[in-house]
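[1] Let's see this in three dimensions:
(chains A and B)
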Amino acid sequence: DAMVIQNPRYQVTQFGKPVTLSCSQTLNHNVMYWYQQKSSQAPKLLFHYYDKDFNNEADTPDNFQSRRPNTSFCFLDIRSPGLGDAAMYLCATSRDAGLASEAFFGQGTRLTVV
Amino acid sequence: AQTVTQSQPEMSVQEAETVTLSCTYDTSESDYYLFWYKQPPSRQMILVIRQEAYKQQNATENRFSVNFQKAAKSFSLKISDSQLGDAAMYFCAFSNTGNQFYFGTGTSLTVIP
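    Model prediction:
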């Protein structure tokens, strides 16, 4: 059974048109992460939530925002997608990294910007 | 800042043989965790093995084991008796107590029948 679910699997958006990617989890984990993964590159952490506490990486562009309305859901909003934002976006959860908790990943959303 | 380096973009191994994937990391923290994740083509990333930095004993999970050298900041993955299903991208990852995971650039493993 899928535990971290990302929708949609594939998303095509127009240059400059806001887009939202969604992630849900059935694990009741405290931490939710968003990663950007470009071809042949390491997943790059954009930000994470510990419960409702939002933590942004210093080099995450302002164009990327996130919302976590409740424990189960987390959204990635790209306000004005550029061609360089085309990538796989991975959502992950962990119970608590301080307890050596592994990260569970969704299958990702592949974003294409046209 | 934490960095994770995987110096082998691609590796190949003959089926049933052993292969070692390298990973080094850089951190000033004393309390952290290290992981190896596997990402098969078009499939989600899954955990292979984990290691707590405070443990000197190397972690082992069936055919997968690590060689953790804390002083050298090295964390290699050994896959024994390689199987076709082991073919995937392997990522080394670092996690600190700030709930942040950082990944290396990955090693693409090919298993040759």
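[2] Could you tell me which ranges of the chain sit under the pLDDT cut-off?
    You didn't pick a chain, so chain A it is. Within chain A, the segments meeting pLDDT under 70 span A:1-2, A:97-100.
[3] wrong one, chain B
    Residues of chain B that meet the cut-off, pLDDT under 70, sit at B:1, B:98-99.
[4] if I look at the residue nearest the centre of it, how far off is residue A:110?
    Centroid-nearest residue in chain B, with CA atoms, centre = their mean: residue B:36, separated by 3.3 Å. Using CB to CB, to the nearest Å, one gets 24 Å for the distance from residue B:36 to residue A:110. (Each C-beta comes from the backbone N, C-alpha and C, glycine too.)
[5] Same question for residue A:45.
    Per CB to CB, residue A:45 is found 18 Å from residue A:110.
[6] Between these two, tell me which one has more neighbours.
    Ranked by neighbour count (other CB atoms under 10 Å in any protein chain shown), residue A:45 and residue A:110 place residue A:45 first, with 21 against 17.
[7] Test my guess that that one contacts residue B:96.
    No. Between residue A:45 and residue B:96 there is no contact under CB atoms under 8 Å: 11.4 Å.
[8] Can you pull up the residues of chain B that come close to chain A?
    With CB under 8 Å from any CB of the partner chain as the criterion, chain B meets chain A at residues B:4, B:9, B:33, B:35, B:37, B:43-47, B:50, B:52, B:91, B:93, B:95-106.
[9] Can you turn the buried part of those into a ChimeraX selection?
    Burial among the residues of chain B next to chain A is assessed by 16 or more other CB atoms under 10 Å in any protein chain shown; the matching ChimeraX selection reads:
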select /B:4,33,35,37,44,45,50,91,93,95,96,99,100,101,102,103,104,105,106
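[10] Report how many residues lie close to residue B:83.
    Residue B:83 has 12 nearby residues by other CB under 10 Å.
[11] What segments of chain A are strands?
    According to DSSP state E, chain A carries its strands in the segments A:4-7, A:10-13, A:19-25, A:31-37, A:44-50, A:53-56, A:64-67, A:73-78, A:87-94, A:104-105, A:109-113.
[12] again but with chain B, I slipped
    Here chain B has its strands, by DSSP E, at B:3-5, B:10-14, B:19-21, B:24-26, B:32-39, B:46-52, B:60-61, B:64-69, B:74-79, B:88-96, B:101-103, B:107-112.
[13] Give the pairing partners of the first one; include direction for each.
    It refers to strand B:3-5. Here strand B:3-5 is paired, per DSSP bridges, with strand B:24-26 (antiparallel).
[14] And the strand it pairs with, what's buried?
    Within strand B:24-26, the residues that qualify as buried are B:24, B:25, counting by 16+ other CB under 10 Å.
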